[in-house]
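>>> model this:
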Amino acid sequence: MPTDYHNHLEKGTLTLDYLERFVNQAREREISHFGISEHAYHFYQTKDIVSKPWMEERRYYDMKDYVDLFHEAWSKDMDVKMSIEMDYTPGRHKEMESFISSYDFDYVIGSVHWVGDFGIDLAEYRKEWERRDLYEVYRQYYDQVVTLAESNLFDIIGHIDLVKIFNYIPNDEEFILEQYERATDALKNSKTCVEISTAGLRKPVQRLYPEPVLLKMCRSKGVPIVFSSDAHEPSHVGADYGKAFQQAREAGYTSVMTFTKGERKEISF
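The predicted model follows:
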């Protein structure tokens, strides 16, 4: 009974027909717990939380339309969870909490995509990696992972080691392990689960998120997991899950967390 909790409609439309294509793919791949978690920056209601020029060009949704879509889906017995993926924004905890509590989400994903004005996973910013101090970017990235966990606002942290996306990775193993340790120390004291995401296999790094050693640290500290594909098109729903299951089992996991209206339940896989 796997999960796929991290998926996006942004390449299509907020319509029942497009949503149904995702739900059907999840059913075909026998995914029992499926959800959509659109990027929060697309919505007018998050402007007071985070506003960057790149985002403002892509802020074109209203939360009312989003919520209405799910109610329409549920009225037709479509099995889909309603979620959001929020860009974790330091200094905006009250604003994030207010937004999250305003909607009846099944769960909420928090992710780190920005280090200051640097969109670390965006092709438009890729040249910035050559201009910046790699160790400082990593340190600041994991600073946010730590405070994201400490905020206890989120049910899931998305692609916890996204910072590796373009294969810019420090050679200092001790430094990397230090970042992993402080991230997992923060997570073990929070409600936040870690997703095993197959999206990294479709990125330049061509690796799962998180790295095996980081996932084993999560397991040793009792941090729960979910499975996600981070699909931006229907065909990617549940993609490469065999590799995700294998990595989870190698780390010692035998169960995943599921969510319904904020309530969590652990199930075996």
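
>>> For this structure, just list every one of the strands.
Taking DSSP state E, the strands of the chain run over residues 3-4, 33-39, 81-87, 109-111, 114-115, 118-119, 156-157, 193-197, 225-228, 255-260, 263-268.

>>> neighbours around F269, how many?
Counted with other Cβ atoms under 10 Å, the neighbours of F269 add up to 16. (Each C-beta comes from the backbone N, C-alpha and C, glycine too.)

>>> next one: E95
By other Cβ under 10 Å, the residues close to E95 number 15.

>>> Once you drop chain neighbours, what's closest to it?
I49 (4.6 Å; Cβ to Cβ, 6 or more residues apart in numbering).

>>> what about that neighbour, distance to D87?
From I49 across to D87, the span is 8 Å (Cβ to Cβ, to the nearest Å).

>>> what touches both of these two?
Residues touching both I49 and D87 (Cβ atoms under 8 Å, 6 or more residues apart in numbering): A40.

>>> picking that back up, correct me if wrong: the residue nearest to E95 contacts F99.
Yes - here I49 reaches F99: they are 6.3 Å apart, a contact under Cβ atoms under 8 Å.

>>> Can you check which residues contact both of those two?
Shared contacts of I49 and F99, defined by Cβ under 8 Å, 6+ apart, are found at 40, 86.

>>> before we move on, back to that, what residues does the residue nearest to E95 make contact with?
Contact partners of I49, counting by Cβ under 8 Å, 6+ apart, are 40, 86-87, 89, 92, 95-96, 99.

>>> Could you report the distance from the residue nearest in space to the middle of the chain to D87?
By Cα atoms, centre = their mean, the chain has its centre lying nearest to G158, at 2.4 Å. Going from G158 to D87 by Cβ to Cβ gives 10 Å.

>>> got any residues that touch both of these two?
Common neighbours of G158 and D87, counting by Cβ under 8 Å, 6+ apart, are S111.

>>> pLDDT score assigned to the nearest residue to F259 once chain neighbours are set aside?
Nearest residue to F259, sequence neighbours excluded (Cβ to Cβ, 6+ apart): Y107, at 3.7 Å. On pLDDT, Y107 comes in at 98.

>>> Could you shift the numbering so residue one becomes 23, and keep it that way?
That works, and once the first residue is 23, the last one we named lands at Y129.

>>> count of residues packed around Y129?
Y129: 26 surrounding residues under other Cβ under 10 Å.

>>> Could you pull up phi and psi at it?
With angles defined as degrees, to the nearest 10, Y129 sits at phi -170, psi 170.

>>> where do the helices sit along the chain?
In the chain, the segments counted as helices under DSSP state H are 38-50, 75-78, 85-97, 115-123, 150-153, 156-173, 195-210, 234-242, 263-273.

>>> Wait, T37 touches D90, no?
No - under the criterion of Cβ under 8 Å, T37 makes no contact with D90, lying 11.0 Å away.

>>> Is it possible to mark the buried ones in the contacts of I71?
For these, a burial check counting by 16 or more other Cβ atoms under 10 Å picks out 62, 108-109, 111, 114, 118, 121.

>>> K33 is nearest to which of the strands of the chain?
Between K33 and the strands of the chain, the shortest gap by Cβ to Cβ is with strand 55-61, which sits at 11.0 Å.

>>> Now do that closest one and strand 285-290, the angle between them.
Strand 55-61 and strand 285-290 are oriented at 130 degrees to each other (axes from the mean of the first three to the mean of the last three Cα atoms, to 10 degrees).

>>> Listing partners with orientation, what would you give for strand 55-61?
Partners of strand 55-61 in the sheet, by DSSP bridges, are strand 25-26 (parallel), strand 103-109 (parallel).

>>> where's that strand relative to the chain centroid, distance-wise?
10 Å (Cα atoms, centre = their mean, to the nearest Å).

>>> Contacts for it next, please.
Contacts with strand 55-61, where a contact means Cβ under 8 Å, 6+ apart, come from 23-32, 41, 44-45, 48, 83, 88, 92, 101-107, 109, 128-131, 259, 280-281.
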